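1. what's the 3D shape of this:
(one chain, ligands or ions: 1)
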Amino acid sequence: LQAKMIVDKSFVISPIDKRIYGSFIEHLGRAVYGGVYEPDHPDSDEKGFRKDVMQLVRELQVPIIRYPGGNMVSAYNWEDGVGPLEERPRRLELAWRTIETNEVGTNEFVDWTRAVGAEVMMAVNLGTRGIDAARNLVEYTNHPGGTYYSDLRRKHGYEQPHKIKTWCLGNEMDGPWQIGHKTAEEYGRLAVETAKAMRLVDPDIQLVSCGSSNTGMPTFPEWEATTLSHTYDEVDFVSLHQYYGNRDNDPANYLALSLDMDHFIKTVASTCDYIKAKKRSKKTMYLSFDEWNVWYHSNDADTKIEPWSIAPPQLEDQYNFEDALLVGSMLMTFLKHADRVKMACLAQLVNVIAPIMTEKGGPAWKQTIFYPYMHASVYGRGVSLQPVVSSPKYDSKDFTDVPYLDSAVVYNEEEDTVTIFAVNRHLNEDMVLDSDLRSFDGYAVREHIVLENNAELKASNSAHNEQVKPHNQGQSKMDSGMLQSVLPKASWNVIRLY
Ligand code: AHR
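-> The predicted structure is shown next:
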């Protein structure tokens, strides 16, 4: 199997916004309680945060983390989660039908994100609540002082404002499962009025308007067109969400699903541009892909959860090797659209459909998907280049002309490095990739990292057995600007040049 690629440093798609490597923590399952926060764990700090988890989050260099939901935010009272612990109410959490103790809330989460080197993407409740609760929360978190809510924050021990810059106007409001689900008209009106009030409190914030929950929604993409016709001038982003699964155990088709994601991005970008044209606007709408991942392994287990328990193990997908390959392709899809996708959140970060898992009182460990996410986040900063690619192709159940080679190229001018990310989708054959990199005169191969598993697609990791992990013994050699690499069958590759 042979493929070719030409890479030129002047063929730039766009600078990469590092926020495409964001993630998400929802008050759901064991994400917060027993994941991020476990006060009686031997490795927790004085605030109750697990240090081993923080260390893994830092390894991922996560730049921004969405919070507190998700479906949960649509019935959340942010006031429940601030102030003296003993006064915080226990509530029925309706989205996931558990008990929310509110031991962790806005201030604790801000502390935690700072400690892991990330910023917060805060979501407001546009399900059961609206303009008033949202503008009060912005006043609480972002106003310096001298008013009711800013002084309340100071009274709660936070003298300085948190200056949270990025805000989601609700969550998946197109979904009938959402508490306070709305029609596109209803949401568009509420979102624009909420946006205006929030911006009056703090003009420096950036806002995300809810797009569709997935490409299968019957209202997609009319939802985007209608809601944006209201919100366009007041927001900076529209959101996209998408999860995939290999339910029919058809790996060739499964690995092609990033083509569906690519199509989703193009459709939303076109819909935004249609509204831009209708409005005679000069403003380009950016895309926030603020929930994406593989999610299906835990679906059956979740039907058996006892309602009204505290932090039960919900959405605990155990990821396998093929999931890591698709996650790699999804990350490359963002790089290919770096001109429009400026934020994205791997959903989620700890225990709940997550790259990081924990055991109560025990270790934290890395799922298979941890690795492509880490590689992209750490090595995928700079500008995204547009390679010219020639690859053999295949047809699968739902896709035609799927290139066996999936690739993206990042040039980091500051560090003088080039990184080629590549998946070989062929399940049985290694691929020889010839890359013409003559515009990067004098560059040499620094390392070729490979996540391969001898095509054992279903292998997964656990707390005490890491079957799937990368090595850096990949075969790549560079001679006078011509790079030749071997991409093993079914593999994720990171070829780093300098
Ligand atoms: O990430 C899990 C859930 O998926 C989120 O709560 C919701 O927004 C989406 O449907």
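2. how near is the residue lying closest to residue 224 once chain neighbours are set aside to residue 156?
-> Leaving aside its sequence neighbours, residue 224 sits nearest to residue 271 (Cβ to Cβ, 6 or more residues apart in numbering; 4.4 Å). Where you see a C-beta, it was placed from the backbone N, CA and C, and this is true even at glycine. When distance is defined by Cβ to Cβ, to the nearest Å, residue 271 is 42 Å away from residue 156.
3. Also residue 248?
-> Where residue 156 is concerned, residue 248 sits at a distance of 51 Å (Cβ to Cβ).
4. who in the chain is up against the ligand?
-> Residues of the chain found near the ligand (Cβ under 6 Å from any ligand atom) are 26, 69-71, 171-172, 213, 291, 347-348.
5. picking that back up, so residue 248 and residue 156 - more neighbours on which side?
-> residue 156 (15 against 9; other Cβ atoms under 10 Å).
6. Verify the stated contact: that one with residue 105.
-> No - Residue 156 lies out of contact with residue 105 (Cβ atoms under 8 Å); the separation is 9.6 Å.
7. tell me the contacts of the closest residue to the ligand within the stretch 51-200 of the chain?
-> The stretch 51-200 of the chain approaches the ligand most closely through residue 70 (3.0 Å), counting by Cβ to the nearest ligand atom. Residue 70 is in contact with 24, 26-28, 95, 123, 171, 291, 347, counting by Cβ atoms under 8 Å, 6 or more residues apart in numbering.
8. Could you point out the longest helix of the protein?
-> helix 258-278 (DSSP state H).
9. average pLDDT for that helix?
-> Mean pLDDT, helix 258-278: 98.
10. what's the answer for stretch 97-109, then?
-> For stretch 97-109, the per-residue pLDDT averages 98.
11. start to end distance for it?
-> 22 Å (Cα to Cα, to the nearest Å).
12. What of stretch 62-72?
-> Stretch 62-72: ends 22 Å apart by Cα to Cα.
13. do the same with stretch 216-227
-> So stretch 216-227: terminal residues 18 Å apart, Cα to Cα.
14. what about the stretch 351-498 of the chain, any weak spots by pLDDT?
-> For the stretch 351-498 of the chain, the stretches with pLDDT under 70 are 455.
15. So out of everything in it, what residue is nearest the ligand?
-> Closest point on the stretch 351-498 of the chain to the ligand, by Cβ to the nearest ligand atom, is residue 353, at 6.1 Å.
16. Look up which helix or strand that residue falls in, please.
-> Residue 353 is part of no helix or strand, with elements assigned from DSSP states H and E.
17. residue nearest the centroid of the protein?
-> residue 345 (1.7 Å; Cα atoms, centre = their mean).
18. For that one, give me its contacts.
-> Residue 345 neighbours (Cβ under 8 Å, 6+ apart): 22-24, 64-66, 121, 288-292.
19. Quick one, which of these are buried?
-> 22-24, 64-66, 121, 288-292 (16 or more other Cβ atoms under 10 Å).
20. Tabulate these (a markdown table), appending secondary structure, pLDDT and distance to residue 329.
-> As requested, the buried ones among the contacts of residue 345 are exported to a markdown table (DSSP: H, G, I helix; E, B strand; the rest coil; pLDDT from 0 to 100; distance: Cβ to Cβ, whole Å):
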| residue | secondary structure | pLDDT | distance to residue 329 |
| --- | --- | --- | --- |
| 22 | strand | 98 | 18 |
| 23 | strand | 98 | 18 |
| 24 | strand | 98 | 20 |
| 64 | strand | 98 | 22 |
| 65 | strand | 98 | 23 |
| 66 | strand | 98 | 22 |
| 121 | strand | 98 | 24 |
| 288 | strand | 98 | 20 |
| 289 | strand | 98 | 14 |
| 290 | strand | 98 | 19 |
| 291 | strand | 98 | 17 |
| 292 | strand | 98 | 11 |
